[in-house]
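Enquirer: From the sequence below, what's the structure:
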Amino acid sequence: MGSFAPGPGEERRDSVMAFVESDDIDSEIDTSASTVIARAYVVSDRGRQCGMRAGAAMEPDPEAPPGYHAQSASILYETTGDVGTSEEDTDQPAVYCNWIRRDAREQSWLPDQPAWPRCFAPSLATSTYIGTRVGGEEDADMLFLTQHELDAKLMASEKLDKPIVVHGHTFPDQHQHTAVSFARKLRACFNGEQVDVRRPNEEAPVKIDVNEFAERLTDDRGASDDSCNALNLVSIVHAAKPTFTQHSRFELLDVLVTRAKKLGPGKQMVIEAQFSDVESCLSFNICAERGSSSFAHVDALVGTWMRNLFGVKLWIVVPQNQMDEQDWERFAADGDRWDPQGKGRLVILREGDVFLMPPGLPVVHAVFTPEVCGMEGGMLWDNTNIINILKSMLWIHRNPKSTNEDFPRQLPSIMNALLEWLDAGPQYFDEDDLQIREAIRELSTQLGCRCTNKCGAECGCGGRCTEWCHGKKKKKTRVCMQ
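Expert: Residues are numbered from 1 along each chain as shown. Sure thing, here's the model as predicted:
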């Protein structure tokens, strides 16, 4: 991962705002640093937990389960530097940092004081809590943009080489999604089925009944070692997507899935099974109980967007310029047990916020869930950055501990579709097609095997068959590849 060598960086630490509850609601008081900090988990009228301004009037959700009551909280602020101080700032960053330090398996994700990212935010109001502002993108760990600013960057074909938070995006279904409605949809779609979930102290996912998981989402059991995080749900909410996902620059993966399916332009009159697990990556849901977490990893397809539908998500990112060669080597060896030694930068994602880890940028991150939270997300590729996408996937495949997901089994089919597209129209791509072909060739040596035995449910080498197995391309998708 030599291409991700660090540049010079500075660290700035800011004190933060804190909450004090007006009622005794699951509070944990910490009077250190002369700041009163309370853990105020407040349930709103839409059946999800959030911090509310003092005096906020709410009516209970008639469909909410017993025990969901409207509450209110008063706010105490102690802020310095570039942290917002208006009443619109209803986060609890100091509390969240303490919570992460307590539940981070003795890993040092954050320094002794909260470490907020150095942010370039050209037009967001100062009342919005985003961290430490810098004057230009080159000095930033990440960008905080409006939807219009990101759309403008895409139209100008600007390079995207830092994580991006899109704040203030307007969605037609804003405020319509809750833990209660998500649980109801789960039961309606998958009653009697099982769902894969991950728990904080377990290495591999486990299966639990959908009804049990739905109940856990709505009864607020509190954080525990068995808090569940469902990471591979198909999209059942079908929430509105951010506008940038529709930009022609990001259509590459979607187009490749369609080309690989060999479908004609007409409507498909027969409903067939989904083509591949690559297709399922285009749109998915994530839903997690309070207390669930996932530790250091990168996403296998190296390009992810997430929209927060309800609740709060704590995203801790290790900036590229903080990762040196030794960090990449240790991360590759240790996987989710890698200790970033305080290099993490905390991003608080609230309802309506969108987080983009640009295609081709392997972002090492961990995720913590202080409240029941649901997200709509998807994978996308950038047709201006294909070579970095392929090289990053190659590194991840060679270092499987670096990711918490399997590579899609039909990825070779997608690569073959890319090769065919290159043959038909290389002018579509902004990069040298010879370099793209070489990167695909390198990847093919890793994703295919050279076994000569007859295919079964699994190949003789223990892997799953792909189009690149047995020393030559197989045009037809076989049973052993499903």
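
Enquirer: Leaving out chain neighbours, which residue sits closest to W421?
Expert: Spatial nearest neighbour of W421, chain neighbours left out: R259 (6.4 Å); criterion: Cβ to Cβ, 6 or more residues apart in numbering. In short, each C-beta sits where N, CA and C put it, glycine included.

Enquirer: Please tell me how far that neighbour sits from L252.
Expert: For R259, the distance to L252 equals 10 Å [Cβ to Cβ, to the nearest Å].

Enquirer: Between those two, tell me which one has more neighbours.
Expert: L252 (24 against 17; other Cβ atoms under 10 Å).

Enquirer: Isn't the more buried one up against T384?
Expert: No. If you go by Cβ atoms under 8 Å, L252 and T384 don't touch, sitting 9.3 Å apart.

Enquirer: Looks to me like I236 is in a strand.
Expert: No. Using DSSP: H, G, I helix; E, B strand; the rest coil, the assignment for I236 is coil, not a strand.

Enquirer: residues in contact with it?
Expert: Counting by Cβ atoms under 8 Å, 6 or more residues apart in numbering, I236 touches K185, L186, C189, N285.

Enquirer: what about the last one, how many neighbours?
Expert: Residues lying near N285 (other Cβ under 10 Å) number 23.

Enquirer: tell me the secondary structure for it?
Expert: Classification of N285 using three-state DSSP returns strand.

Enquirer: which SSE is the residue lying closest to V206 once chain neighbours are set aside in?
Expert: Closest residue to V206 apart from its sequence neighbours, by Cβ to Cβ, 6+ apart: V197 at 6.2 Å. Assigned by DSSP states H and E, V197 belongs to strand 194-197.

Enquirer: And that strand, what's buried?
Expert: By neighbour count on 16 or more other Cβ atoms under 10 Å, the buried set for strand 194-197 is V195, D196, V197.

Enquirer: Among the residues you listed, which one lies nearest to D406?
Expert: D196 (11.7 Å; Cβ to Cβ).

Enquirer: Show me what the closest one is bridged to.
Expert: Assessed by DSSP bridges, D196 has beta-bridge partners K207.

Enquirer: thought it was touching A230?
Expert: Yes. The pair D196 / A230 is scored as a contact, 6.9 Å apart, by Cβ under 8 Å.

Enquirer: Given whatever helix or strand E376 lives in, what are its sheet partners and their directions?
Expert: For E376, the enclosing helix or strand under DSSP H and E is strand 373-379. Counting by DSSP bridges, the strands paired with strand 373-379 are strand 284-288 (antiparallel), strand 304-310 (antiparallel).

Enquirer: Name the spans of the stretch 251-400 of the chain whose pLDDT lies under the cut-off.
Expert: 262-276 (pLDDT under 70).

Enquirer: now the helices for it?
Expert: Taking DSSP state H, counting those that start in this stretch as the criterion, the stretch 251-400 of the chain contains helices spanning 252-261, 277-280, 325-334, 386-398.

Enquirer: again, but for the stretch 51-200 of the chain
Expert: 93-103, 147-155, 179-190.

Enquirer: The ones you listed: which one's closest to P359?
Expert: Shortest separation from P359 across the helices of the stretch 51-200 of the chain is recorded for helix 147-155, at 11.9 Å, computed as Cβ to Cβ.

Enquirer: avg pLDDT for the closest one?
Expert: Averaging pLDDT along helix 147-155 gives 94.

Enquirer: then it to PDB, C-alphas only?
Expert: What follows is helix 147-155, C-alpha atoms only, in PDB (Å, rounded to 0.1, in the frame of the first residue of the first chain):
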ATOM      1  CA  GLN A 147     -25.200  18.200  -1.900                       C
ATOM      2  CA  HIS A 148     -24.700  21.000  -4.400                       C
ATOM      3  CA  GLU A 149     -21.000  21.400  -3.600                       C
ATOM      4  CA  LEU A 150     -20.400  17.700  -4.200                       C
ATOM      5  CA  ASP A 151     -22.500  17.700  -7.400                       C
ATOM      6  CA  ALA A 152     -20.300  20.600  -8.600                       C
ATOM      7  CA  LYS A 153     -17.100  18.700  -7.900                       C
ATOM      8  CA  LEU A 154     -18.400  15.700  -9.900                       C
ATOM      9  CA  MET A 155     -19.400  17.900 -12.800                       C
END
